[in-house]
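Novice: Generate a structure from the sequence data that follows.
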Amino acid sequence: MTINSTYLDDLVTTVVADCDFIAFVADYAKPTATTDIQDSGVNQLGRVVPTSVTSSGTKITVTSTINTSTANPLDTTVSSASSTTVFDLTSVTGLTVGDRLEITLSTGTEDREIDSISTNTITVTKAYSSAPAVSDVARGKISAVHIIKGGTIGGVDGATLAAFQTVLFKANTEEKTFTHTIDLIGN
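Specialist: Numbering: from 1, shown residues only. Below you'll find the predicted structure:
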């Protein structure tokens, strides 16, 4: 399907003009609702007012700064492990099925999608290369960014104008500035 260049121009203009917030979510593969972000059921970690929203051709560039109290994924440790796919965490507060979980193993850092949560027991969709050990660091990740029209700064509301997958981590002691570019290619 070919997308008309006039349509693309109008879409880019609308997204740039109507962007009120940038929402950071933890659900990696969950589809985005076409209306209210709340309807999509995503695990929103926080949102900020963008520093800038610009365009060049079919590309939209959004820059935003996330302060120390916004969009902080879980940062915890492994409390016990029975396999490469099932283990307990000290805390699961804020995690939901579909979130990405990064664990620092003895062989390196790997992240996987959460398949299920039962009390503090996590099951992931794909095995880690080795079983997590007690005290291994486990961190949630920012896995998608939504460009939001309307809503409120502290809410899970407003219309999603565009969304894209990413994999970002931000600790609650960090302030980070991110620049994201979306290319709306008509082909």
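Novice: May I see the buried residues of the helix or strand of the chain with the lowest mean pLDDT?
Specialist: Taking mean pLDDT, DSSP states H and E as the measure, strand 159-168 is the helix or strand of the chain with the lowest mean score, a mean of 80. Within strand 159-168, the residues that qualify as buried are 159, 160, 161, 162, 163, 168, counting by 16 or more other Cβ atoms under 10 Å. (C-beta placed from N, C-alpha, C; glycine too.)
Novice: Could you do stretch 87-100 as well?
Specialist: Using 16+ other Cβ under 10 Å as the burial criterion, the residues of stretch 87-100 that qualify are 87, 88, 89, 92, 95, 98, 99, 100.
Novice: how about these, which pair is most distant?
Specialist: Of all pairs drawn from the buried residues of stretch 87-100, the one with the largest separation by Cβ to Cβ is 88 and 98; the distance is 19.4 Å.
Novice: returning to what we had before: buried stuff in the next helix or strand after the least confident helix or strand of the chain?
Specialist: For strand 159-168, the following helix or strand on the C-terminal side (DSSP states H and E) is strand 176-183. By 16+ other Cβ under 10 Å, the buried positions in strand 176-183 come out as 176, 178, 180, 182.
Novice: so can I have CSV of those showing pLDDT and distance to residue 117?
Specialist: What follows is those, written out as CSV (pLDDT from 0 to 100; distance: Cβ to Cβ, whole Å):
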residue, pLDDT, distance to residue 117
176, 85, 27
178, 86, 27
180, 83, 28
182, 82, 31
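Novice: Nearest to residue 60 among the residues you listed?
Specialist: When the buried residues of strand 176-183 are compared for distance to residue 60 (Cβ to Cβ), residue 182 comes out closest, at 4.8 Å.
Novice: and the gap between the closest one and residue 70?
Specialist: If you measure residue 182 against residue 70 using Cβ to Cβ, to the nearest Å, the figure is 21 Å.
Novice: now residue 58
Specialist: If you go by Cβ to Cβ, the gap between residue 58 and residue 70 works out to 29 Å.
Novice: next one: residue 135
Specialist: Residue 135 is 28 Å from residue 70, where distance means Cβ to Cβ.
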